[in-house]
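Asker: the following block contains a protein sequence and its predicted model.
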Amino acid sequence: MTSLTALTVAEESLEEAVKRGCSVLEMLAGALIPPNPARFAVAYAHHIGAIPDLSLAMSRLIGHERLNTEAVDEFYHQFLATDANQAELDAASRKIQSAVGDVAEQLGSSSRRHQNFAVGLETFAGALSDGKVTVSLAESMLSLTREVEQDHKQLQDRLSDTVRELDTLRGQLDRLEREARRDALTGISNRAQFDRQLRAAVSRVRRDNEPLCLMMIDIDHFKRFNDMYGHQMGDQVLKLVAHQLALVGGETHQPARYGGEEFALIVAGAGIDEAAELAEKLRGKVEGRKVVNRRTGETLGKVTLSIGVTRFRDGESAAELVHRADEAMYRAKGNGRNCVVVDQQL
């Protein structure tokens with residue numbers, strides 16, 4: 001995650017800074033996006049090329065005339081906003097440090113008491129050997145023994161408490177890690193996790209020389225559906241597509257919500273024909289499901305998908321693979337939507 005403070009450029013004059021700011025505002029205005037500080041930050045970061053992945057995503061939408069307010073707001077949360085889980089992570093880290101510090105302090109105190117006990121035991125053994133054990137010495141040794149026994153019990157209790165506390169924190173950290181990888185609405189991988197998974201898949205292909213395909217999916221006329229029936233019904237459509245995508249992907253392939261109404265499926269270890277069959281299967285399954293308003297019982301029609309499929313080529317980057325699958329998807333939309341286009345057809 002990139003912080004806003006990282007969006008710095010070489011020192012420039014006031015005139016240059018104003019010119020840059022005007023260019024950013026003109027870009028937002030040209031896309032009919034009402035400017036606010038967050039949207040300005042996104043456009044500014046793209047303008048100066050501060051975040052390559054952001055600039056790639058922005059350029060892609062601009063090239064297809066699909067840059068809109070929702071997309072820019074999503075880019076802000078994806079690339080610029082402070083991680084919502086960071087406060088919880090920081091709190092968990094402080095708790096772990098505190099727990100470990102308490103145990104370390106307890107161990108230090110225990111070590112000093114055991115040293116005193118060892119010295120007392122040595123003195124008592126010497127006196128016993130010389131036959132000079134006094135009542136006072138015996139009472140002192142008994143007192144030291146009781147202190148060590150009590151100290152041992154306290155240390156056991158503290159260690160037990162610490163183990164329970166660390167176990168709870170481990171569960172919390174596991175939850176935060178899962179949330180950081182998942183799209184909150186659909187439950188499948190989010191864009192950041194998709195990027196990581198695709199880079200890893202490309203690395204495996206280069207190492208093992210196994211086939212790799214990528215599927216890019218777009219819900220047809222989703223904005224119109226949202227405008228007609230509201231965002232809650234739109235969310236149900238997104239969940240429907242994500243669910244069917246996860247079913248088609250199975251245990252082998254990796255589904256993700258790429259952003260907005262776009263999804264992706266990393267098809268590992270499969271050739272282009274198998275990937276195309278999976279795409280057609282997904283398209284048919286989604287088209288066969290009717291969207292119903294559960295509150296009113298009204299049938300809102302069916303959902304259709306435009307899907308682009310391509311296979312990894314030797315020497316290309318993950319970004320180039322996404323670009324080719326993306327272009328195939330837009331070709332599917334140009335062919336009338338509700339169809340699959342394979343990169344080989346381009």
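Answerer: The structure has been received and is ready for your questions. Numbers count the residues shown, from 1 in each chain.

Asker: low-confidence ranges in the stretch 201-346 of the chain?
Answerer: Filtered on pLDDT under 70, the stretch 201-346 of the chain yields the residue ranges 344-346.

Asker: for it, just list every one of the strands.
Answerer: Counting by DSSP state E, counting those that start in this stretch, the stretch 201-346 of the chain has these strands, from start to end: 212-219, 254-259, 262-268, 290-292, 299-302, 305-311, 339-342.

Asker: next, Leu185: phi, psi?
Answerer: When read as degrees, to the nearest 10, the backbone of Leu185 gives phi -80, psi -50.

Asker: which residues does it contact?
Answerer: Shown in contact with Leu185 (Cβ atoms under 8 Å, 6 or more residues apart in numbering): Asp235, Leu238, Lys239, Arg257. The C-beta positions use only the backbone N, C-alpha and C, and glycine is treated the same way.

Asker: now do it against Leu305, distance only.
Answerer: Between Leu185 and Leu305 the distance, using Cβ to Cβ, to the nearest Å, works out to 18 Å.

Asker: go on, Ile219?
Answerer: 6 Å.

Asker: any shared contact partners between those two?
Answerer: Each of Val241 lies in contact with both Ile219 and Leu305 under the rule Cβ under 8 Å, 6+ apart.

Asker: looking at these two, which one has more neighbours?
Answerer: Counted by other Cβ atoms under 10 Å, Ile219 and Leu305 do not tie: Leu305 has more neighbours, with 26 against 23.

Asker: surely the more buried one is in contact with Val241?
Answerer: Yes. Leu305 is in contact with Val241 according to Cβ atoms under 8 Å; the separation is 7.1 Å.

Asker: touching both of the two, which residues are there?
Answerer: Residues touching both Leu305 and Val241 by Cβ under 8 Å, 6+ apart: Ile217, Ile219, Val286.

Asker: show me where the stretch 201-346 of the chain has its helices.
Answerer: 222-229, 231-249, 272-287, 318-334 (DSSP state H, counting those that start in this stretch).

Asker: nearest to Ile33, out of these?
Answerer: Shortest separation from Ile33 across the helices of the stretch 201-346 of the chain is recorded for helix 222-229, at 14.3 Å, computed as Cβ to Cβ.

Asker: which strands and helices sit next to the closest one?
Answerer: Applying 3 or more Cβ pairs under 8 Å, 6 or more residues apart in numbering; DSSP states H and E, we find helix 222-229 packed against helix 231-249.

Asker: off-centre distance for the helix it packs on?
Answerer: With Cα atoms, centre = their mean, to the nearest Å as the basis, the distance from the averaged C-alpha position of helix 231-249 to the chain average is 19 Å.

Asker: do the same with stretch 51-62
Answerer: Its chain's C-alpha centre lies 19 Å from the corresponding centre of stretch 51-62 when counted by Cα atoms, centre = their mean.

Asker: same thing with stretch 222-235?
Answerer: Centroid displacement of stretch 222-235 relative to its chain, using Cα atoms, centre = their mean, is 26 Å.

Asker: in it, what's buried?
Answerer: Phe222, Phe225, Asn226, Tyr229, Met233, Gly234 (16 or more other Cβ atoms under 10 Å).

Asker: restrict that stretch to CA atoms and write it as CSV.
Answerer: Extracted C-alpha coordinates of stretch 222-235, given in CSV (Å, rounded to 0.1, in the frame of the first residue of the first chain):
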residue,chain,number,x,y,z
PHE,A,222,-23.8,-3.9,-15.3
LYS,A,223,-24.0,-0.1,-14.8
ARG,A,224,-27.4,0.0,-16.4
PHE,A,225,-28.6,-2.8,-14.1
ASN,A,226,-27.2,-0.9,-11.1
ASP,A,227,-29.0,2.3,-12.1
MET,A,228,-32.3,0.5,-12.7
TYR,A,229,-32.5,-1.8,-9.6
GLY,A,230,-30.0,-0.3,-7.1
HIS,A,231,-26.7,-1.2,-5.7
GLN,A,232,-28.0,-3.9,-3.4
MET,A,233,-29.3,-5.9,-6.4
GLY,A,234,-26.0,-5.1,-8.2
ASP,A,235,-24.1,-6.6,-5.3
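
Asker: what's the burial count for Cys22?
Answerer: The local packing of Cys22 (other Cβ under 10 Å) involves 10 other residues.

Asker: separation between it and Val72?
Answerer: Distance, Cys22 to Val72, using Cβ to Cβ: 18 Å.

Asker: which residues touch stretch 245-254?
Answerer: The contact list for stretch 245-254 (Cβ under 8 Å, 6+ apart) reads 188-189, 194, 197, 201, 217, 255, 263, 265-270, 278, 281-282, 285.

Asker: correct me, but Ala41 touches Leu80?
Answerer: Yes. Counting by Cβ under 8 Å, Leu80 is a contact partner of Ala41 at 5.6 Å.

Asker: let me see the contact set for Ile188.
Answerer: Applying Cβ under 8 Å, 6+ apart to Ile188 gives the contacts Arg182, Ala242, Leu245, Ala246, Pro255, Ala256, Arg257, Phe263.
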